[in-house]
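Chemist: sequence first, predicted coordinates after that:
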Amino acid sequence: MKAIQYKHSIRPYTTFNIAAHSAEFVSVQSIAELKEALENIPPQKIRLLGGGSNMLWTQDFDGRTIHLNLKGITTLETTEKDVLVDVQAGENWHDFVLWTLKNDLGGVENLALIPGNVGTAPIQNIGAYGVELKDVMENCTLLHRNSLKEEILSTADCHLGYRDSIFKNKLKDQVVITSVRFRLFKAPHSLHTSYGALAQELATRHQTIQEVAQAVIRIRQRKLPDPKEIGNCGSFFKNPIVSQSVFMALQKKYPNLPSYPADQAVKIPAAWLIDQLGFKGIRRGDAGVHPNQALVLVNYANASGAEIWALAQEIQEAVQTTFGIALEAEVTRY
Ligand code: EPU
C-alpha cells in the first residue's frame, strides 16, 4: 500500500492557497495504487484532488484525500490529418497545451494557461475564447469507485454543456477520470479567432496555433491573477443564463447590459453584474475581488475558506437583490 500521510495540509495542492487539513492523504501514480487507495473506504470519506484549481475548502476533511498523480502522454493513432493522444489525468493542463504546440498539433491552443489538470477538465467542460473541451475530446477513461472497474466513455455520453457534465450530475462521486483522449489536428490548422478579445489581440491575418496560444496567454496574464502569486480559482461564478423575456426586461433598465446568445436563451456576463455593484477590487481582510476581473475571487495571503465563501455569498445576495438573478458558484465548495 502506498504510504498514507496523516493530518496533511492541502494548502500547497490548491490554487486558492487556503489552510486546511485532510485526516488522510495519499498521492497515487498508477491505476493499481488508485484502486488500493479507494478500496474499503465509504464514498463520503473520499475526496479526489487533481490540480486543486476549482475547489474551495471551508473546513478540514475527516476522510481520505486521493491526489491523482497519474502521468504520461501517449500517441495512439496517426492519420494524414490528425492524431489521437491519450493524456493521463494528473498531467498539468497547460503543460499538455505546450506539448501540442511543440508538436504542431491544433485543437487546444485557445485553452492555454487554464489552471488545473487534464483529468478534471471534462468535469466542467473547460472553455475559453470560443473553444470548449468538448470540441477536441474523443473520450475518457473512468474507474468506477465501487466496482473498481474501468470504462471508456465517449464525449457524447459525457453530456458536456456550459461548465457542466455527467460528472456533476448522474456520475457525481461515482467515478474517477483516469485519462482523457484528444483528436488533435496536423497543419494546415483551422483556427478559432473570432472571440472578441482574441480577435483584437491578434493583429495580423495569417496566424499559427502558436501565435493564437501566445495571444491567449497575453490576455489571460493581463486580466487574471497568477495563482502562484495571489490565490484564486479563476472564474468563481458561472455566467447566468436567462430567458429572452427576463433579458429584455433587464435590458430596458440597463441598456448597456452585455449578452451572448445561448441556445434559446441569453448568457449574461456575471463579471458585468458584479462590476456594476462596485465589488471589483474590494477587500474583506485577505479575501477580495480581483481589481482586473470581477469574476475572480482572490486570497491575498491568509484568508480562510469560510471568509472567501462569505464574500461570495455577499456578492450573490447583492446580485439577487438588484438584478433578480441567482449567481451559481462554478467552484466546488467543501
Ligand atoms: N466584464 C465586466 N467587468 C469585468 C470583467 C468583465 O463588466 O471586470 C464584462 C465585459 O462586458 C466583458 C464580459 O464581462 O465583455 C465578459 O468578460 P470576459 O470575456 O473576460 O469573460 P468572462 O465571461 O468573464 C469566461 C469564462 C472564463 C474564460 C473567458 C474567456 C466563465 C464562468 N468564465 O469569462 O473562464 O477564460 O470567458 O473565454 O464562463 C474559468 O472558467 O475559470 C475562466 C477563467
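Modeler: Thanks, I have the structure now.
Chemist: can you get me a residue count around the closest residue to the ligand within the chain?
Modeler: When scored by Cβ to the nearest ligand atom, the chain has Gly234 as its residue closest to the ligand, at 2.6 Å. The C-beta positions use only the backbone N, C-alpha and C, and glycine is treated the same way. Gly234 has 23 neighbouring residues, counting by other Cβ atoms under 10 Å.
Chemist: let me know the next secondary structure element after whatever helix or strand it lives in.
Modeler: Element membership of Gly234 [criterion: DSSP states H and E] is strand 231-235. Remark: after strand 231-235, the chain's next helix or strand is strand 241-242, criterion DSSP H and E.
Chemist: interface residues of this structure facing the ligand?
Modeler: Applying Cβ under 6 Å from any ligand atom, we find that the chain lies next to the ligand at 128-129, 197, 234-235, 238-239, 258, 269, 271-272, 275, 280, 293-295, 330.
Chemist: which among those count as buried?
Modeler: Buried subset of the residues of the chain next to the ligand (neighbour count, 16 or more other Cβ atoms under 10 Å): 128-129, 197, 234-235, 238-239, 269, 271-272, 275, 280, 293-295, 330.
Chemist: hmm, which of these is lowest in pLDDT?
Modeler: The weakest per-residue confidence within those falls on Ala197 (91).
Chemist: surely that one is in contact with Arg222?
Modeler: No - Ala197 is beyond contact range of Arg222, at 9.7 Å (criterion: Cβ atoms under 8 Å).
Chemist: can you pull up the bridge partners for the residue nearest to Thr74 when sequence neighbours are not counted?
Modeler: Using Cβ to Cβ, 6 or more residues apart in numbering and skipping residues adjacent in sequence, the residue nearest Thr74 is Asp86, 4.7 Å away. Legend: beta-bridge partners of Asp86 under DSSP bridges are Thr74, Arg181.
Chemist: how many other residues sit next to Asp86?
Modeler: 18.
Chemist: and if you look at Leu56?
Modeler: Residues lying near Leu56 (other Cβ under 10 Å) number 22.
Chemist: model confidence for it, exactly?
Modeler: Leu56 is given a pLDDT of 98.
Chemist: now do the contacts for it.
Modeler: Phe16, Ile18, Cys233, Gly305, Ile308, Trp309, Val331, Thr332, Arg333, Tyr334 (Cβ atoms under 8 Å, 6 or more residues apart in numbering).
Chemist: from the residues you listed, which is closest to Ile166?
Modeler: Thr332 (15.7 Å; Cβ to Cβ).
Chemist: follow-up on the earlier one: can you name every helix or strand that the strand holding Gly234 contacts?
Modeler: When contacts are defined as 3 or more Cβ pairs under 8 Å, 6 or more residues apart in numbering; DSSP states H and E, strand 231-235 packs onto strand 296-299.
Chemist: what is the strand it packs on packed up against?
Modeler: By 3+ Cβ pairs under 8 Å, 6+ apart, strand 296-299 packs against strand 231-235, strand 287-289, helix 305-323.
Chemist: and the second one, what does it pack onto?
Modeler: This points to strand 287-289. Packing partners of strand 287-289 (3+ Cβ pairs under 8 Å, 6+ apart): strand 296-299, helix 305-323.
Chemist: of the ones you listed, which is nearest Lys7?
Modeler: Among the helices and strands packed on strand 287-289, the nearest to Lys7 by Cβ to Cβ is helix 305-323 (17.1 Å).
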